[in-house]
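[1] Pasted the sequence and its predicted model underneath.
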Amino acid sequence: MVTMTRAISLLLLFASAAATLHAQTEDTRQGVMNPSFKSLQVTVDGDIMSLPVITLGPAMHRLSITFDELAEERRWMRYSLEHCDAAWRPEGLAPSEFLDSFNEGTVEEYEYSQATTVHYVHYRITIPNDELRITQPGNYLLRVYDEQDPEETLLQARFSIVDPQVSVGLEATSRTDIDTNEAHQQLGIRVGFGKMDVADPFSDIKVTITQNGRPDTERILTTPTRLGAKEIFYEHIRPLIFEAGNEYRRFETVSTRYPGMHIDWIDIDAPVCNAGLAPDRPRTSYAYDQTQNGRYKIRTTDLDDSDRMADYVLTHFTLMAPRRTDGNYYIEGDLTDRRADVRSRMTYDQERGAYTASLLLKQGSYNYQYIFVPDGSSEGLAGPAEGNHYQTANEYTVKVYHRPKGTRFDRLVGVSTITSGI
């Protein structure tokens, strides 16, 4: 019992160290900064497969930001918004430039966990609402903080609001400028302006691309490769070529009574339920699967209300791979907030000849993969652990921003998504 308690304490300590580092570097990526917070999700109308994007106007969809705090009692929290540019850098706007309200809301929706070993409080923030009335399109960073300590960020979430003014045509192919039907995928992008007036497409338009929602893969295009009548094209340039990777791996901890998908063992005798994934190995061939591209769904088969009745499970990962000294392996997916940091980094176990990591995760169905981040790089590579295969069903999201000369912020005017592969 003492050993397990100490293991949980160490996990929270590591997470706390990572949070301190992020706070010091003005990090605007989505994630939790306080180790007592878990299971941060941003969805539209409750759809876990949705992009965190809603359309500006009276018919806005409802965007939900949900999270748990491992605690016995409710915490009194507030939240505020920051308008960010295409690269998610704060633009320094006054609240009156993007809000028809004060820039502060209260976290009022909460529920206490029931019949769980790990006690927590489940919270929800819904956008739009009566407290924060957003008037402009663009990227938004929502920051949650304690009422008693407004300078400390507990967690932050990204979402975008689009004012659709352009059409975005996408094409994904495995016939790339590097290889054909091998290890890469390439995009072609067309942006049609319609009735929108664009004085200078070379300076007024920015286009961003991400693969599977991973911030580390984001590319920003500022110069089209060719112009048409009321349209621009981005084709045959290196930023449009992506490592193909492989389908995400899956596991399920939907029950604590029996091992679920890809679970090798369960131990319910410890103070916190433990689950060990079957050891993973680097993949050399394409593995077809119905992937969710790194997302997860909170659920339990034992009880009805998963949001407040799903328990937390200390989940153990093992990657049977030789040790490398030129970088580190990380667990990638929404389960680690898409962050390559102390919490998601794996450590090498010399005796087992494997990389290992443990995450305290709420019961559910999870997607994940292993990425390798070379020393000195900020982008993770799927190839070393997952392989690169042209058939992979990757999800590419393209956003188009308009910033005419003399204006103060990037307006999101178009969003489109395409899934590549077979």
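    Arrived safely, thanks for sending. Numbers count the residues shown, from 1 in each chain.
[2] now the strands for the stretch 1-150 of the chain?
    In the stretch 1-150 of the chain, the segments counted as strands under DSSP state E, counting those that start in this stretch are 31-32, 37-44, 53-55, 63-69, 77-84, 105-106, 109-112, 121-127, 138-146, 149-162.
[3] Figure out which of the ones you listed is closest to residue 323.
    Checking the strands of the stretch 1-150 of the chain against residue 323 by CB to CB gives strand 31-32 as the closest, at 27.8 Å. In short, each C-beta sits where N, CA and C put it, glycine included.
[4] So what are the sheet partners of that closest one and their directions?
    With DSSP bridges as the test, strand 31-32 is paired with strand 149-162 (antiparallel).
[5] what about residue 133, how many neighbours?
    12 (other CB atoms under 10 Å).
[6] Now for it: which residues touch it?
    Applying CB atoms under 8 Å, 6 or more residues apart in numbering to residue 133 gives the contacts 99, 100, 101.
[7] For the closest residue in space to residue 289 that isn't next to it in sequence, list the residues it contacts.
    Leaving out its chain neighbours, the residue that sits closest to residue 289 by CB to CB, 6 or more residues apart in numbering is residue 247, at 4.4 Å. Taking CB under 8 Å, 6+ apart, we find residue 247 in contact with 286, 287, 288, 289, 291, 392, 393.
[8] isn't there a strand covering residue 247?
    No. Assigned with DSSP: H, G, I helix; E, B strand; the rest coil, residue 247 falls outside any strand and is coil.
[9] And the pLDDT at it?
    Here the pLDDT value assigned to residue 247 is 97.
[10] where are the low-confidence patches of the protein?
    Along the chain, segments meeting pLDDT under 70 span 1-26, 422.
[11] in it, which spans are helices?
    Listed in chain order, the helices of the chain (DSSP state H) span residues 2-24, 201-204, 306-309, 383-386.
[12] ok, and what's touching the second one?
    By CB under 8 Å, 6+ apart, the list of residues contacting helix 201-204 from outside reads 198, 222, 223, 224, 227, 232, 402, 403, 404, 405.
[13] closest to residue 57 among these?
    When these are compared for distance to residue 57 (CB to CB), residue 402 wins out at 17.0 Å.
[14] that older thread, can you tell me which of the strands of the stretch 1-150 of the chain is nearest to residue 172?
    It's strand 53-55; of these, that one is closest to residue 172 (CB to CB) at 19.4 Å.
[15] Now do that closest one: which elements does it pack against?
    Identification of packing neighbours for strand 53-55 by 3 or more CB pairs under 8 Å, 6 or more residues apart in numbering; DSSP states H and E yields strand 149-162.
[16] Try it again at 10 Å.
    Applying 3 or more CB pairs under 10 Å, 6 or more residues apart in numbering; DSSP states H and E, we find strand 53-55 packed against strand 37-44, strand 149-162, strand 411-419.
[17] Turn these into JSON lines, columns for mean neighbour count.
    Putting those into JSON lines (neighbours: other CB atoms under 10 Å) gives the following:
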{"stretch": "strand 37-44", "mean neighbour count": "20"}
{"stretch": "strand 149-162", "mean neighbour count": "18"}
{"stretch": "strand 411-419", "mean neighbour count": "19"}
